[in-house]
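Trainee: predicted model, plus sequence, below.
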Amino acid sequence: MKFFSRDSHAVATVAINLLPRKGSWGGANQWTTQLSRWLQYNGWKVQYDLKRVPDAVVMTHTGLSAGTSFGVEEVARLKEKYPQIPCIHRINDNDLRKESSEMDQLLERSNRVADHTVFVSAWLRDHHAARWFDASKAHSVIVPGADARFFHPIDFFRNSTDTANCGVAPVLERIVPSPSTTTCGRLDECGVGLEFGLEQYEAYSPASKSFVRLASSVSTTSRNDGDEISAPGASSMLYTLNSCAPSTPCTSSVAASLERSLIVKSGTDPFLRLVTHHWSDNWNKGFDIYQQIDELIALQTEKKFELWVIGRWPKEIRWKSARTFPPASGAQLAMLLRQCHGYVSASRYEPGAMHVAEGLQCGLPLLYHRDSGGTVEQGLRYGMEIQENLETTLTTFAEKLPDLRQKLLADPPSGSKMAMEYQQLLQRLIVTIRPTGRIVSLS
C-alpha cells in the first residue's frame, strides 16, 4: 500500500481536526484559519479529515460539544496502522475556566495519542501538570497570535510623532463609528485619499473639546493643503482638515509627547477609551469587572474614561454608559480596536486568549485581572493589573500607556510567528519520528 497519499508537489500533508469557519467563532477558529493559510502558502496540503493518510496530525478541542471533524479514537486507529505519523495535541482549555468536570479528563485521554503536546500558555501547562500531564514528555508553549493582515497597530485615524506623517493634530482628529454601526471608515490625517463607508461619523475636535457629528455618508479624495470633506446627502456639509504638510516640522506638544495621542480633555486629565470583545457571553469572561467599569464611567461628572464592548454579553446586563457593538471579526474588528487606547480583559482562568492577542497586535496595552490565567503572562510584559480601586487603576493606566505601548510595539505577539512555530515543529516531527513509532492503546 502506498503510504504517502498527498499531492506530489506538496511539501507534506497535515490533517487538522478543526475546519475553519468564516466570521466570529472564537479563538480556536482563528487559530485553525491562520495555521491552514500559513501552511498552504508554504506549500503544504491541509485536510480536515483522515480519509486520506496524512504525513502528520494536529488535534485540538473546541469544548465539550462535538465541534471537530475527528478525535482521539480516529487518531488511535490511524496510528495503529501507521505509527510513524506524528500527532501534535494542542491544549487550549481546562475545567477551571468552564466550571466543568469533564474537560481535563477528556484532554488527558486524548493526550495518549500525542507525540508532542502544545500548550497555549505556560500557566495552562502548569495547571495540567499539577493534575495529569507528565512534564517530562515532549511539549512546548506556543502562544496565540492574531492574523497580522488585520490586527496591526498601523492606523491612519491617529496622530503620528513622525514629522513626515503630519504629527500635528488636524482639526478633525479622530473618526469613530456610532454605537449602531458595524463598519468603519478611514481618515488619513495628512488628508490623503479619504474614503468612508459609514452611515454616521463623529470626530473629536480639539478646539471645542467635544465629539461632533460629521455626516450621514462621506466619500471624497482630498489633498494635503486643508481640502474640504464633502458629505453627499448632507446639504453640502463642509469640514476643513487643518493639518500640516508632510514636509512641515510638527510642533504640537501633545502629539510629540504622547505616541498614542491621548486626547487631553482639560488640564492634565487624559481621556482613556478602553475596549474589550468576546464571542462568549459567559460571566467568567470578565463581565463583572466590565460592569463595574461601566458603572464608574456612568457616575463621571467629567468624561475622562470610556468603555467599548464588542460582541456578546450576558442578557442580564443593562449597560449604563458603555458603547456596544455586535460581534465583529477580521478587518472590521481590528478597525474598531485601533480606535481605542487600551484593552481590558478580566476573563478568568484563560488558557491563552486570542481576544487578548488581537488587542495587543492592534497596539493596545493590556489592563488585566490577576486571575486571568495565561493572560497574566502577556499582561506582565505589556500591561498593568486591575487594582481594587478602579478609578485609580484607570488613571494610572492612562499615565503608563505611552511606555507600555513602546514595549508592546518592540515585540508584539504575531499570528505569523505562531503559525511558523507550528510549521517548524511539524517539520521536525515528520523528519525525526521513525517507522518504529509507538502503538497507543486507549484502554
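Mentor: Everything's here; your move.
Trainee: need the helices for this structure, in chain order.
Mentor: Remark: helices assigned in the chain by DSSP state H are 27-41, 72-81, 95-98, 103-110, 122-129, 253-257, 287-298, 330-338, 354-361, 375-382, 390-410, 415-432.
Trainee: ranking these by mean pLDDT, which is last?
Mentor: Least confident of the helices of the chain, judged by mean pLDDT, is helix 253-257 with a mean of 32.
Trainee: hang on, the earlier thing: just the helices of the chain: most buried one?
Mentor: With neighbours defined as mean count of other C-beta atoms under 10 Å, the helices of the chain peak in mean count at helix 354-361, which reaches a mean of 28. Every residue, glycine included, has its C-beta placed from N, CA and C.
Trainee: now do it: which elements does it pack against?
Mentor: If you count contacts as 3 or more C-beta pairs under 8 Å, 6 or more residues apart in numbering; DSSP states H and E, helix 354-361 packs onto helix 27-41, strand 269-278, helix 330-338, strand 342-345, strand 366-368, helix 375-382.
Trainee: which other residues reach the shortest one?
Mentor: Spelled out, that is strand 366-368. Contact with strand 366-368 is made by 274, 342-346, 356, 359-360, 375-376, 378-379, 382-386, 393-394, 397, as judged by C-beta atoms under 8 Å, 6 or more residues apart in numbering.
Trainee: let's see 6 Å
Mentor: The contact list for strand 366-368, computed with C-beta atoms under 6 Å, 6 or more residues apart in numbering, reads 342, 343, 344, 345, 375, 379, 382, 383, 384, 386, 397.
Trainee: domain map for this structure?
Mentor: Domain ranges of the chain: 13-145+417-432, 159-257, 260-413, per automatic domain parsing.
Trainee: low-confidence bits of the stretch 1-150 of the chain, can you list those?
Mentor: For the stretch 1-150 of the chain, the stretches with pLDDT under 70 are 1-8, 23-26, 62-66, 98.
Trainee: again, 50 this time
Mentor: 1-6 (pLDDT under 50).
Trainee: just the strands in the stretch 51-200 of the chain please.
Mentor: Taking DSSP state E, counting those that start in this stretch to define them, one finds strands in the stretch 51-200 of the chain at 56-59, 87-91, 116-119, 139-141, 175-176.
Trainee: outside of the first one, which residues touch it?
Mentor: Same thing as strand 56-59. Under the contact criterion C-beta under 6 Å, 6+ apart, strand 56-59 has outside partners 14, 15, 16, 17, 75, 86, 87, 88, 89, 426, 430.
Trainee: tell me the strands beside it, with direction?
Mentor: strand 13-16 (parallel), strand 87-91 (parallel) (DSSP bridges).
Trainee: before we move on, what about the third one?
Mentor: Pairing partners of strand 116-119, with direction, according to DSSP bridges: strand 87-91 (parallel), strand 139-141 (parallel).
Trainee: alpha carbons of that strand, as CSV, please.
Mentor: Output in CSV follows, covering the C-alpha atoms of strand 116-119 (Å, rounded to 0.1, in the frame of the first residue of the first chain):
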residue,chain,number,x,y,z
HIS,A,116,4.1,16.2,21.1
THR,A,117,1.9,18.5,23.2
VAL,A,118,1.5,22.2,22.6
PHE,A,119,0.1,24.4,25.4
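Trainee: roughly how far apart are the residue nearest to residue 9 when sequence neighbours are not counted and residue 11?
Mentor: Nearest residue to residue 9, sequence neighbours excluded (C-beta to C-beta, 6 or more residues apart in numbering): residue 43, at 7.7 Å. Going from residue 43 to residue 11 by C-beta to C-beta, to the nearest Å gives 4 Å.
Trainee: can you check residue 34 too?
Mentor: 18 Å.
Trainee: please apply the same query to residue 401.
Mentor: 43 Å.
Trainee: okay, the helices of the chain in a markdown table with distance to residue 146 next?
Mentor: Shown next, in a markdown table, are these (distance: least, C-beta to C-beta, whole Å):
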| stretch | distance to residue 146 |
| --- | --- |
| helix 27-41 | 7 |
| helix 72-81 | 28 |
| helix 95-98 | 20 |
| helix 103-110 | 24 |
| helix 122-129 | 18 |
| helix 253-257 | 28 |
| helix 287-298 | 21 |
| helix 330-338 | 8 |
| helix 354-361 | 4 |
| helix 375-382 | 12 |
| helix 390-410 | 13 |
| helix 415-432 | 5 |
